[in-house]
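Trainee: Requesting a structural model of the entry that follows:
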Amino acid sequence: MSQKITISALIEANLEQTWNCYTLPTHITQWNFAAHSWHCPHAENDLKVGGKYIARMEAKDGSFGFDFEGIYNKVELNKELSYHLGATLGEGREVTTLFEHQGENTLVTTTFDPENENPVDMQKMGWQMILDNFKSYVESI
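Mentor: Predicted coordinates for the structure are as follows:
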């Protein structure tokens, strides 16, 4: 991959709460979508090296959907998640998310390899919208 894309958000919550909301399936289904016309009806997360992450992303009207899948390369509790994507989303693309304690807040930064079908700006905007949804969710509970 030629260039990596980085997105971030400062979450007004402590590190443990932020990590739990990011990794527990009951929370993932509440925030893992970019627009209100989409949802995440199902998520699984085997949080260990070699474990699989799966989140179903669907249009609420049923017109389109896909499984977002990754296999973990690194899991460091409350600090870092790194995985490579499965075949449906461009096999081998790497994604790393870092969680950094910032006083009473947590900085979440994700860096990922872009796919080749959509413009980089569009990909960055879509992933940032999901992370912004995550921020809103965590700060509302």
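Trainee: any idea which strand is longest in the protein?
Mentor: For the chain, the strand that runs over the most residues, judged by DSSP state E, is strand 65-76.
Trainee: Show the average pLDDT along that one.
Mentor: Per-residue pLDDT over strand 65-76 has a mean of 93.
Trainee: Could you do stretch 97-106 as well?
Mentor: Confidence over stretch 97-106 (mean pLDDT, whole number) is 96.
Trainee: quick one: buried residues of that stretch?
Mentor: Neighbour-count burial for stretch 97-106, counted by 16 or more other CB atoms under 10 Å, picks out 97, 99-100, 105-106. For every residue, glycine as well, the C-beta is placed using N, CA and C.
Trainee: Determine which two of the residues you listed are furthest apart.
Mentor: The most widely separated members of the buried residues of stretch 97-106, counting by CB to CB, are Thr97 and Asn105 (16.0 Å).
Trainee: Going by neighbour count, list what's buried in stretch 129-141.
Mentor: 130-131, 133-135, 137-138.
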